[in-house]
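K.L.:
what shape does this take:
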Amino acid sequence: MKKIYTVLVFSMITVFSLYAQKADIIISNGKITTLNDTKQEVEAIAIAGNKILDIGSNKDILKLKGKNTKLIDAKGKRVIPGLFDSHLHVIRGGRFYNLELRWDGVTSVKTALGMLKEQAARTPKGQWIRVVGGWNEYQFEEKRLPTLEEINEATGDVPTFILYLYGKAWLNKAGIQALNITGDTPNPAEGLIQKDEQGNPTGLLVAEPNAFILYSTLAKLPNMTREEEVNSTLQYMTELNRLGVTAVMDAGGGFQNFPDDYTITDELNKQGKITVRLPYFLFAQNKGSELKDYTQWLGMVNIDEHAPNGHNDIDYYVGGAGENLVGDAGDFENFLFPRPILPNAMEDNLKSVISLLVQNRWPFRLHATYNESIERFLTVIEEVNKETPLDGLVWFFDHAETVSEESLQRIKALGGGIAIQHRMAYQGESFIKRYGKTPALASPPIKRILELDIPVGLGTDGTRVASYNPWIALYWITTGKTVGGNQVMAKSNAINRIDALRLVTHKGYELIKEEKKGKIEKGYYADVVILDQDYLTIPEHAIKNVTSELTIVDGKIVYGNKEFKTFAPALLPVIPTWSPVKYFGGYQHK
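P.N.:
The predicted structure follows:
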């Protein structure tokens, strides 16, 4: 009897607690796209702590208001789950963001050159102007690249580096001198330092086809102070929040060494200052020593332990290995040159690393542009699976632009997934010039991937090739068009806006088997965005310009603009004071 009484009392307390729980934040009067199968659109959301307390009508949700509840009137705006970019380089990108002049979104060569000239006037001696990816000539109304003569005229005696996709980069005359590049400087492997008829370097660096010449040159440029790099990382995360991004899978990157280059985000995580969920993958840096590196990292990282920081539940942990597992498997998508032929030693080297990872139950991701490479990678994975079963282990290919039907079937059989990005929005025209129109129509074959129910997430691969703006990815995948407006992917392969939104929210989490994230649903983590335009109804060209007016991550407001600005913390001042970000911001709309 006493036991029954105790159970009844406990049940009554539990019911009372649930009934009495009040919201910390209520968003009302919204067009709220939940991505929930039962309540696809609602008017209001209640948030308690870092979770969605409930969703429904204004009337029902306002009953959860308490004396301390923050009330936010969405005023009929579209509200969506926070965006999850399944392939972005945030940890590396954040360290350099404040140094970079972004041409992402700029619509003319004239404007781009004007930005160079303006920045040259404020850049101090010893520092560089650097434009690092996220643009191409087709976004410009002139439909051409700037010339070296124009770049030199705009920048004068300020050293300048301008990166164009994975294909090439320009150094102005001052940059050539600063790096002491002469006619006798040897070309690196798979790279070209272009020379004129007199044998003098012109300033053009060409990947033939490997991007090492580009990234190694960039790595020689001066860094910021520690304080400035911390500020830069926070500014970059705020820029992502401005675009509605609340989570990222960081894919590592060249010259991003673990653990040394992770200390800034380590520190920010301990302080509870990270404003995007940030699982990150460890990228092998040195060709020939990849197995040694992963063996060392296995001893340093407990892949199953996600230690709390004591401030919030924002994810920050090692998610696995990749996207580079071995250098021999690097099939860079430099469509200005033919597809690289991977060496015969690739299979043995890749198998040793993947075997180690599978035996230790480490998830892995693998850069894979071309189907010719994917076929060989799959043979290795199949061999490993026979020896040590994958048995549900998370693994996926990144990119997969030309993956075939046969390869898709093999991926599905192995329980793999695919992370796709909008690289063809920036390189579609180059792809067509080399391979023709027909192969571009389904690169990648997203409709077929979805039909096969292969786990798939959508991302950007920003910042050094494509832009980090996820709305360009959503524009591309729903229209098939590039940033220049050219129809590259077939309209029949494009997907509708809701399905696209799923790929950059909860489907991305499903790729890594994460639950309770990516939807506006009771019990899910409270990552919510109020948009400045209605993504579901605006003309297709306007999708590229969507931004957030209010961004909530883990139940906390991290960004606000316009009428919602008062709800958000004040923006940090940008340092150093000459930073291009201070004057131009990030993604441009001009």
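K.L.:
nearest spatial neighbour of the most centrally placed residue in the chain, chain-adjacent residues omitted?
P.N.:
Geometric centre of the chain, nearest residue: residue 88, 2.3 Å, by Cα atoms, centre = their mean. Once flanking residues are discounted, residue 88 sits nearest to residue 248: 4.7 Å by Cβ to Cβ, 6 or more residues apart in numbering. Placement of C-beta: from N, CA and C, glycine included.
K.L.:
mind checking the SS state of the one you found?
P.N.:
Counting by DSSP: H, G, I helix; E, B strand; the rest coil, the backbone at residue 248 sits in strand.
K.L.:
repeat for residue 411
P.N.:
helix.
K.L.:
follow-up on the earlier one: what's around the residue nearest to residue 88, how many residues?
P.N.:
Residues near residue 248, counting by other Cβ atoms under 10 Å, number 30.
K.L.:
got the contact list for it?
P.N.:
With contact set as Cβ atoms under 8 Å, 6 or more residues apart in numbering, residue 248 has these partners: 84, 85, 88, 90, 240, 276, 277, 278.
K.L.:
if you set the cut-off to 10 Å instead, what comes out?
P.N.:
If a contact means Cβ atoms under 10 Å, 6 or more residues apart in numbering, then residue 248 has 83-91, 93, 237, 240, 276-280, 315, 459-460, 462, 468, 470, 508 as its contacts.
K.L.:
same deal with residue 274?
P.N.:
90, 233-234, 237, 265-268, 309, 311-312, 314-316, 553-554, 558.
K.L.:
give me the subset of those residues lying in strands.
P.N.:
Those of those mapping onto strands are 316, 553, 558, per DSSP state E.
K.L.:
find the nearest non-adjacent residue to the second one, please.
P.N.:
Spelled out, it's residue 553. Residue 553 sits nearest to residue 246 (Cβ to Cβ, 6+ apart), 4.7 Å away.
K.L.:
same thing with the last one?
P.N.:
When the adjacent residues along the chain are set aside, residue 558 lies closest to residue 275, with 4.3 Å between them (Cβ to Cβ, 6+ apart).
K.L.:
what's the neighbour count on the one you found?
P.N.:
Residue 275: 24 neighbours (other Cβ under 10 Å).
K.L.:
what does the one 10 residues further on give?
P.N.:
Summarising burial for residue 285: neighbours were counted as other Cβ under 10 Å, giving 18.
K.L.:
okay, and it sits in which element?
P.N.:
Per DSSP states H and E, residue 285 falls between elements, in no helix or strand.
K.L.:
remind me which residues of the stretch 1-150 of the chain are low pLDDT?
P.N.:
Applying pLDDT under 70 to the stretch 1-150 of the chain flags the ranges 1-19.
K.L.:
rewinding a little: closest to residue 23 out of the ones in strands among the contacts of residue 274?
P.N.:
Among the ones in strands among the contacts of residue 274, residue 553 lies closest to residue 23 (Cβ to Cβ), at 17.1 Å.
K.L.:
the closest one bridge partners, please.
P.N.:
residue 556 (DSSP bridges).
K.L.:
in the chain, where is pLDDT below threshold?
P.N.:
Residues of the chain that meet the cut-off, pLDDT under 70, sit at 1-19, 590.
K.L.:
re earlier: quickly list what the residue nearest to residue 88 is bridged to.
P.N.:
Beta-bridge partners, per DSSP bridges, of residue 248: residue 85.
K.L.:
is it correct that residue 320 falls within a strand?
P.N.:
Yes: counting by three-state DSSP, residue 320 falls inside a strand.
K.L.:
roughly how far apart are the closest residue to it other than its chain neighbours and residue 316?
P.N.:
Nearest residue to residue 320, sequence neighbours excluded (Cβ to Cβ, 6+ apart): residue 363, at 3.2 Å. In this view, residue 363 and residue 316 are 16 Å apart by Cβ to Cβ, to the nearest Å.
K.L.:
who has more neighbours, the two?
P.N.:
residue 316 (23 against 20).
K.L.:
who's in contact with residue 61?
P.N.:
Counting by Cβ under 10 Å, 6+ apart, the residues that residue 61 touches are 23, 26, 27, 28, 42, 43, 44, 45, 46, 53, 54, 55.
K.L.:
following the strand or helix carrying residue 418, which helix or strand comes up?
P.N.:
Assigned by DSSP H and E, residue 418 belongs to strand 417-421. Downstream of strand 417-421, the next assigned helix or strand under DSSP H and E is helix 423-435.
K.L.:
next SSE downstream of that next one?
P.N.:
Assigned by DSSP H and E, the successor of helix 423-435 is helix 437-440.
K.L.:
tell me which residues in the helix or strand following that following helix are buried?
P.N.:
Reading on from helix 437-440 to the C-terminus, the next helix or strand found by DSSP H and E is helix 446-451. Buried residues in helix 446-451, counted by 16 or more other Cβ atoms under 10 Å: 446, 449.
K.L.:
run the chain-centre distance for helix 446-451.
P.N.:
21 Å (Cα atoms, centre = their mean, to the nearest Å).
K.L.:
likewise for stretch 563-571?
P.N.:
The answer for stretch 563-571 is 25 Å, by Cα atoms, centre = their mean.
K.L.:
how far does it stretch from one end to the other?
P.N.:
15 Å (Cα to Cα, to the nearest Å).
K.L.:
between the two ends of stretch 200-216, how far is it?
P.N.:
21 Å.
K.L.:
thought residue 185 was touching residue 192?
P.N.:
No: between residue 185 and residue 192 there is no contact under Cβ atoms under 10 Å: 11.3 Å.
K.L.:
where's the residue nearest to residue 88 relative to residue 85, distance?
P.N.:
From residue 248 to residue 85 the distance is 5 Å (Cβ to Cβ).
K.L.:
tell me the buried residues in stretch 199-214?
P.N.:
Neighbour-count burial for stretch 199-214 [16+ other Cβ under 10 Å]: 201, 203-214.
K.L.:
kind regards, and thank you for your time.
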